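Participant: using only what follows, build the 3D model:
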Amino acid sequence: MRPPFGTDQNPELQNLVEHHQFEDSADLEALMLIASCFNDGYNLAAIQFEGCWHCSKPRLFEFGGEGCFLSRELSVFSGSRQALDLGLDLRQAILADDLDQAAARIAKETLSLLAGVSEESIRDRLRRRVIEQLLGTASSPAPV
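Facilitator: Alright, predicted model coming up:
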């Protein structure tokens, strides 16, 4: 099956058409790709949503939320559980005076954000800029 409307030059769309089942539910990344390739005049640039979950009775850890931002350039997803896990991991490392572990956890979180950047060359340049920003901050005197 060949994609219509001259979109056969888009390898991502071609891969989707060749390998997707197109049954049951569709994921938002696939829908974003399709919508951005077949521009219907609304010029869809991004999909943003936030959601929550809950139970019928107040119970600890039965409530939470999530947010998602999707565009052709970037994909970012975060759940409230992620913030709790990050905070707990960082606190434990700081209390143990294990700054290497804390730094590794921050680096892991940063790499996860960078992985959401679609274009590899932009992702690499952005990674360098983040490093430069961090090194620049580290060499600046602390505010009084």
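Participant: list the contacts for Gln133?
Facilitator: Listed by CB atoms under 8 Å, 6 or more residues apart in numbering, Gln133 has no contact partners. (Each C-beta comes from the backbone N, C-alpha and C, glycine too.)
Participant: just say helix, strand or coil for it.
Facilitator: Following DSSP: H, G, I helix; E, B strand; the rest coil, Gln133 is assigned to helix.
Participant: again with Phe22
Facilitator: Applying three-state DSSP: Phe22 is coil.
Participant: count of neighbours near it?
Facilitator: Neighbour count for Phe22, taken as other CB atoms under 10 Å: 8.
Participant: okay, it and Phe63: tell me how far apart.
Facilitator: Phe22 sits at a distance of 35 Å from Phe63 (criterion: CB to CB, to the nearest Å).
Participant: low-scoring stretches of this structure, by residue?
Facilitator: Across the chain, residues meeting the criterion (pLDDT under 70) sit at 1-8, 26, 39-40, 138-144.
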